[in-house]
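Novice: 3D, please:
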Amino acid sequence: MSNKVTVDDIAMFLESVFPLENAEDYDNCGLIAGDREAIVKRCVLSLDTTGKAVEYAISNKAEMIISHHPLIFVGMLSITEDDYKGRLLRSMIQCDIANYACHTNLDMTNNYGNYAIATALCGVNIMPLEGANCGVVFEPGYIDYMNLGHFMKYVENGLNASGCISICSHERKVGKVFCQGGAFDESAIPAIIDSDVDTVISGEIKHHICVLLDELGISTIIAGHSATEQAYLPKLKKTLEEQFPTVEFMINFNDETHIKKA
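Specialist: All right, here's what the predicted structure looks like:
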């Protein structure tokens, strides 16, 4: 059996872990650009397919970029130098770099995406929230009493966030937490109320939703879309390394890149 790994090998594995049928209707998961039969020796993982991610892939002679957010959400009528998406696609095609997106199909896999956030925050008793499309509940993994103000610093450090925002009293106790990476799905509110959650963490939460939850005695913490979802990347890297040990996987955080294997 050949040790060579192709773009299609990686794509099919990702789709076995994160089935495409689990993605939202508006989404565009899967292979965005590239040759399925191309050999992959190096692969860059990034939250977004940015200019920095593409430059890093080119400089390290990577043959593939796997991003969480798709570079193309809706149809494009042209690929030119006139806009940044066209420039990035043209650069990747010229350099034989495939581009794959694993977005809401990953989000819907609670024991992977949101579990990674809870794990980064040293959560215990982590489990999916019944009645919510995605998101997990957990208890903070500490013994001493911690109020919301202290917990926000804990979240900031655990997720390497630039800061956290809350409209709620910083003196409130934190006991049972619901976390959902990226943007908060308001359809989860009834399940949150029924489960006696006292604190919600997400990347983005609309202000009127924060007010509503505050009136119900539920604190909200906005930690940033990127900060919450970048927690997924180290676990994805480890999963891919275990499946494809001959491929070097690298994480690009735009400003910070990790190359060493986990």
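Novice: going by C-alpha atoms from here, please, whenever you check contacts or count neighbours.
Specialist: OK.
Novice: show me the strands in the stretch 101-250 of the chain, by range?
Specialist: Here the stretch 101-250 of the chain has its strands, by DSSP state E, counting those that start in this stretch, at 124-128, 136-139, 177-183, 199-204, 219-222, 248-252.
Novice: tabulate these (TSV), appending mean pLDDT and mean neighbour count.
Specialist: TSV is the format used below for those (pLDDT from 0 to 100; neighbours: other Cα atoms under 10 Å):
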stretch	mean pLDDT	mean neighbour count
strand 124-128	94	16
strand 136-139	95	23
strand 177-183	94	24
strand 199-204	97	24
strand 219-222	98	26
strand 248-252	95	24
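Novice: out of those, which comes closest to V211?
Specialist: The minimum distance between V211 and those falls on strand 219-222, with 9.0 Å, by Cα to Cα.
Novice: show me what that closest one is packed against.
Specialist: When contacts are defined as 3 or more Cα pairs under 8 Å, 6 or more residues apart in numbering; DSSP states H and E, strand 219-222 packs onto strand 199-204, helix 207-215.
Novice: note down every partner strand of the first one and its orientation.
Specialist: The strands that strand 199-204 pairs with in its sheet are strand 177-183 (parallel), strand 219-222 (parallel) (by DSSP bridges).
Novice: what's that strand in contact with?
Specialist: Under the criterion Cα atoms under 8 Å, 6 or more residues apart in numbering, residues 174-184, 218-229 lie in contact with strand 199-204.
Novice: what bridges to the residue lying closest to L213 once chain neighbours are set aside?
Specialist: Excluding the flanking residues, the one nearest L213 by Cα to Cα, 6 or more residues apart in numbering is S219, at 6.7 Å. S219 has the following beta-bridge partners by DSSP bridges: T199.
Novice: which residues touch S219?
Specialist: Residues counted as contacts of S219 (Cα under 8 Å, 6+ apart) are 148, 166, 168-169, 172, 198-200, 210, 213.
Novice: still on that earlier bit, can the helices and strands packed on strand 219-222 go into a markdown table with extra columns for distance to M92?
Specialist: Formatted as a markdown table, those follow (distance: least, Cα to Cα, whole Å):
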| stretch | distance to M92 |
| --- | --- |
| strand 199-204 | 29 |
| helix 207-215 | 39 |
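Novice: out of the ones you listed, which gets nearest to K235?
Specialist: Among the helices and strands packed on strand 219-222, the nearest to K235 by Cα to Cα is strand 199-204 (18.6 Å).
Novice: returning to that earlier point: nearest to A11 among the contacts of S219?
Specialist: Distance ranking of those against A11, using Cα to Cα, places V200 first at 33.2 Å.
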